[in-house]
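Enquirer: build me a structure from this.
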Amino acid sequence: MKHGVRKGATRAADIPREILHALSHGELQCATLAECLAVDQAVLTRATFPALTAPALNAIDAACQMRVLKRMARIGSVLLEDLGAEGLAQCQTHRSDMVRGWACFMIGAQPDLDVGARLAAIRPLADDAHFGVREWAWMAMRPHLVQELPTAIAQLMQWAQDPSERVRRFACEVLRPRGVWCTHISTFKHSPEQALPLLSALNSDPSVYVQDSVANWLNDAAKDQPTWVRGICAQWLESSPTAATRHTCQRALRNLK
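Expert: Next up is the predicted model:
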């Protein structure tokens with residue numbers, strides 16, 4: 001460990017027993033994706049909320065048999081129903097990144113929120129210092145934003161101007177046409193130009209973190225609309241021939257011949 005940063009294990013089998021115990025009891029943050037996936041969430045819920053009702057615990061135990069994204073969403077829904085706003089507030093500020101991840105899905109499970117209110121609620125978690133929480137944040141919001149794409153794009157245009165690179169990256173990552181661990185957005189597979197205002201707002205972003213997200217968005221789109229992606233990159237390189245734009249376009253076109 002150096003300067004307080006723990007390297008972490010890249011394979012579940014290599015996670016020391018004492019580290020896994022600490023992760024599953026909310027005493028430590030995950031350092032790698034492998035650790036995120038290895039956390040025993042049934043144990044973690046009991047450690048975090050010892051007064052959970054029996055029906056809630058049974059539902060969470062059943063959720064732990066699901067694949068990870070459905071598991072997170074189900075646990076978030078159960079916790080919201082059982083604990084309400086007080087439980088959400090506790091999750092949002094918990095030291096465990098996985099517990100803050102549950103908060104993302106609790107916000108996702110809240111009924112009757114419009115796009116603006118839901119985005120406002122998720123913003124602190126989208127800007128979380130932990131990589132895992134930032135990923136849970138966009139995964140939890142994506143299904144809601146897909147249902148109202150024009151409104152979502154309009155709202156995210158404001159996020160694309162945010163001082164935080166994490167918030168700007170969220171604005172792009174949450175609507176990737178294919179994404180990771182999530183349902184594809186058929187609208188963007190057929191008509192990616194609908195997202196062009198948002199992408200163009202980020203095409204010369206100074207942050208590599210954001211540049212890579214824009215490039216991955218276009219790389220997704222290129223699987224269905226390669227000519228459109230080539231054309232957009234050509235336009236950007238002509239109108240804004242910066243190092244940032246070149247990096248974005250090179251990565252965007254990496255799988256095109």
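
Enquirer: doesn't Leu256 fall inside a strand?
Expert: No. Using DSSP: H, G, I helix; E, B strand; the rest coil, the secondary structure at Leu256 is coil, not a strand.

Enquirer: residues contacting it?
Expert: The contact partners of Leu256, by Cβ atoms under 8 Å, 6 or more residues apart in numbering, come to 222, 226, 229-230. To be clear about C-beta, it is placed using only N, CA and C from the backbone, and glycine gets the same treatment.

Enquirer: weed out the non-buried ones from the residues you listed.
Expert: 222, 229-230 (16 or more other Cβ atoms under 10 Å).

Enquirer: inside helices: which ones of those?
Expert: The helices, defined by DSSP state H, take in 222, 229-230 from the buried ones among the contacts of Leu256.

Enquirer: and the host helix or strand of Leu196, what other elements does it pack with?
Expert: Using DSSP states H and E, Leu196 sits in helix 196-201. If contacts are counted by 3 or more Cβ pairs under 8 Å, 6 or more residues apart in numbering; DSSP states H and E, helix 196-201 sits against helix 149-159, helix 165-173, helix 208-222, helix 226-239.

Enquirer: between these, which one is nearest to Gln29?
Expert: helix 165-173 (16.2 Å; Cβ to Cβ).

Enquirer: ok, then the element right after the closest one?
Expert: According to DSSP H and E, the helix or strand after helix 165-173 is helix 186-190.

Enquirer: what helices or strands is that following helix leaning on?
Expert: Judged by 3+ Cβ pairs under 8 Å, 6+ apart, the packing partners of helix 186-190 are helix 208-222.

Enquirer: tell me the mean pLDDT for the helix it packs on?
Expert: Across helix 208-222, pLDDT averages out at 97.

Enquirer: angle of it against helix 165-173?
Expert: With axes from the mean of the first three to the mean of the last three Cα atoms, to 10 degrees applied, the angle from helix 208-222 to helix 165-173 works out at 0 degrees.

Enquirer: can you get me a residue count around the closest residue to Leu149 other than its chain neighbours?
Expert: Nearest non-adjacent residue to Leu149, counting by Cβ to Cβ, 6 or more residues apart in numbering: Thr187, 6.0 Å away. By the criterion of other Cβ atoms under 10 Å, Thr187 has 14 neighbours.

Enquirer: distance of Thr187 relative to Glu148?
Expert: To Glu148, Thr187 is 11 Å away according to Cβ to Cβ, to the nearest Å.

Enquirer: give me phi/psi at the nearest residue to Pro16 once chain neighbours are set aside?
Expert: Nearest residue to Pro16, sequence neighbours excluded (Cβ to Cβ, 6+ apart): Ala9, at 7.7 Å. Taking degrees, to the nearest 10, you get phi -90, psi 140 for the backbone angles of Ala9.

Enquirer: Ala9 and Val43, how far apart?
Expert: With Cβ to Cβ as the criterion, Ala9 and Val43 are 18 Å apart.

Enquirer: just to revisit the earlier point, residues contacting the helix holding Leu196, please?
Expert: By Cβ under 8 Å, 6+ apart, helix 196-201 touches 153, 156-157, 160-161, 171-172, 175, 214, 217-218, 232, 236.
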